[in-house]
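>>> next input, structure requested:
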Amino acid sequence: MQKVDIEALIPHRAPFLLVDEVVAIDGNTIRTRKKVNGDDPVFKGHFPGFPIMPGVHIVEAIVQSGAILIAHMPGGTLGLMPVLTRLNNGKFKQMVKPGDTVEIEATLKERMANAFFMEGSARVGGKLAVSIDFACTGVPKNPA
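A predicted model of the protein is given here:
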């Protein structure tokens with residue numbers, strides 16, 4: 001699944017679409033990939049001379065992967081947009097730098113009505129960079 005397919009499932013667009021491709025969806029787990037580009041404007045300020053991908057961007061890539069999984073599931077969000085409602089147990093283990101390819105995994109652990117409880121991780125070169133537990137709630141795409 002490439003960017004055009006991803007854009008059909010979630011509302012994010014450049015420069016804030018942080019998933020480049022879906023590698024696999026297997027049941028309640030999705031694996032995605034993000035190539036970290038040194039030309040990204042964020043690296044002009046984080047940090048000049050020693051560029052590091054902001055942790056919040058890595059977390060957002062994990063959450064976007066979870067949103068793609070939810071939207072792809074049979075019955076998915078049924079016209080709802082998943083919005084991040086909870087973030088727990090974030091652990092940042094390794095820096096992510098320009099030129100890295102981030103391998104992302106998100107797993108749906110439980111669904112209760114329009115609430116989706118998930119866990120996710122991001123790895124670079126097989127090494128854990130970030131892990132989180134998070135939840136999303138489906139909200140109307142066109143709020144009144």
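>>> only C-alpha atoms from now on, for both contacts and neighbour counts.
OK.
>>> if I look at the nearest residue to I104 once chain neighbours are set aside, how far off is A113?
The spatially closest residue to I104, leaving aside those adjacent along the chain, is A122, at 4.4 Å (CA to CA, 6 or more residues apart in numbering). According to CA to CA, to the nearest Å, A122 stands 27 Å off from A113.
>>> do V130 as well
With CA to CA as the criterion, V130 and A113 are 28 Å apart.
>>> who has more neighbours out of these two?
A count of neighbours by other CA atoms under 10 Å puts V130 above the other of V130 and A113, at 22 against 9.
>>> may I have the beta-bridge partners of that one?
F92, A122 (DSSP bridges).
>>> now do the contacts for it.
Applying CA atoms under 8 Å, 6 or more residues apart in numbering, we find V130 in contact with 55, 58-59, 90-94, 121-123.
>>> the residue nearest to I104: how many residues sit nearby?
A122 has 29 nearby residues by other CA under 10 Å.
>>> my guess is it contacts T101. True?
No. The pair A122 / T101 is not scored as a contact, 9.8 Å apart, by CA atoms under 8 Å.
>>> what's the closest non-adjacent residue to A67?
P82 (6.1 Å).
>>> give me the element that neighbour is part of.
Assessed by DSSP states H and E, P82 sits inside strand 80-92.
>>> packing partners for that strand?
Under the contact definition 3 or more CA pairs under 8 Å, 6 or more residues apart in numbering; DSSP states H and E, strand 80-92 sits against helix 55-72, strand 127-140.
>>> quick one: find the helix or strand in this protein with the lowest mean pLDDT.
Lowest mean confidence among the helices and strands of the chain (mean pLDDT, DSSP states H and E): helix 3-9, at a mean of 89.
>>> and after that one, which helix or strand comes next?
In the C-terminal direction from helix 3-9 (assignment by DSSP H and E), the next one is strand 21-26.
>>> just want the angle from that following strand to helix 55-72.
50 degrees (axes from the mean of the first three to the mean of the last three CA atoms, to 10 degrees).
>>> mind listing what's buried along strand 21-26?
With burial defined by 16 or more other CA atoms under 10 Å, the residues of strand 21-26 counted as buried are 21-22, 25.
>>> strand partners (parallel or antiparallel) of that strand?
Pairing partners of strand 21-26, with direction, according to DSSP bridges: strand 29-35 (antiparallel).
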